[in-house]
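Undergrad: Provided below for reference: sequence and predicted model.
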Amino acid sequence: MQPGFPEIQWQRGPHVLNLAGAAQLPVPTRMICAEGAEMRLFLEAAGNQLNGKETAVVAPESLRWFSIVSAEAAPTARRAGQRQEWSEDSVEADGRKVRIRTLAVPVDRALLTFELVSERAEAEKARREFDELLAGLELTKENQAPSWLLPLLLLLAAAIVYWIGRRRQRGR
């Protein structure tokens, strides 16, 4: 990092980040992460304003890019639908041109937000690396629908369709 940047006590992969009790993100070898006070120290030193929803920072060991992981309660998150994504270009105070890619992932009653920060020139490579990392995102057991639920719902729907058909036949 830069001169005067504080020493961060990174957790090195392999490691598993618990994200607000809603999901787990495996951090592989050659990746690092920080939570709690170490995460806040890094984010403040990197010039990020904190909003209290941050849960972790994950990055390659080289810190070519980093992602801020945030979580907030969202009672309607499951109904909100698919992941949403957007990007914006910015210029840092030191003149560096960066791209910030934000990915919002509704998970049960939480909304996980990943903000990927990278140099603009390296943005596509950072995106590919981050997508590989994010492919390991797993819902915790309590946030997954039981394996028997879908077949039960399909059986129930078939029974309703059959019942409606029988009623129509009797009505003739």
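TA: Everything's here; your move. If you're wondering where the values come from, they're calculated on a predicted model, not measured in any experiment. Numbers count the residues shown, from 1 in each chain.

Undergrad: So, low pLDDT: which residues of the chain?
TA: In the predicted model, the chain carries pLDDT under 70 at residues 1-4, 75-81, 141-150, 152-153, 171-172.

Undergrad: and with 80 instead?
TA: 1-5, 22, 74-82, 93, 107-109, 139-172 (pLDDT under 80).

Undergrad: which residue ranges form the strands in it?
TA: Using DSSP state E, the strands of the chain run over 11-12, 15-19, 23-27, 31-34, 54-60, 65-73, 84-91, 97-107, 110-119, 138-139.

Undergrad: As CSV, the ones you listed with mean neighbour count and distance to residue 130 would be great.
TA: For the C-beta atoms, the positions are set from N, CA and C on the backbone; glycine is no exception. Formatted as CSV, the strands of the chain follow (neighbours: other C-beta atoms under 10 Å; distance: least, C-beta to C-beta, whole Å):
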stretch, mean neighbour count, distance to residue 130
strand 11-12, 14, 18
strand 15-19, 17, 14
strand 23-27, 18, 11
strand 31-34, 20, 10
strand 54-60, 22, 9
strand 65-73, 20, 6
strand 84-91, 11, 11
strand 97-107, 18, 8
strand 110-119, 21, 5
strand 138-139, 14, 16
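
Undergrad: Pipe those strands into TSV and attach distance to residue 156 per row.
TA: Listed next are these as TSV, based on distance: least, C-beta to C-beta, whole Å:
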stretch	distance to residue 156
strand 11-12	45
strand 15-19	33
strand 23-27	29
strand 31-34	43
strand 54-60	38
strand 65-73	31
strand 84-91	31
strand 97-107	25
strand 110-119	28
strand 138-139	24
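
Undergrad: Tell me which of those sits nearest to residue 170.
TA: With C-beta to C-beta as the criterion, residue 170 lies closest to strand 97-107 of the strands of the chain, at 43.8 Å.

Undergrad: Report the angle between the closest one and strand 84-91.
TA: Computed with axes from the mean of the first three to the mean of the last three C-alpha atoms, to 10 degrees, the direction of strand 97-107 lies at 160 degrees from that of strand 84-91.

Undergrad: Could you list the residues in contact with strand 97-107?
TA: 19, 22-23, 74, 77-78, 80-81, 83-92, 111-121, 123, 126-127, 130, 134, 137, 139, 143 (C-beta atoms under 8 Å, 6 or more residues apart in numbering).

Undergrad: That strand: how far from the chain's middle?
TA: Distance of strand 97-107 from the chain centroid (C-alpha atoms, centre = their mean, to the nearest Å) equals 9 Å.
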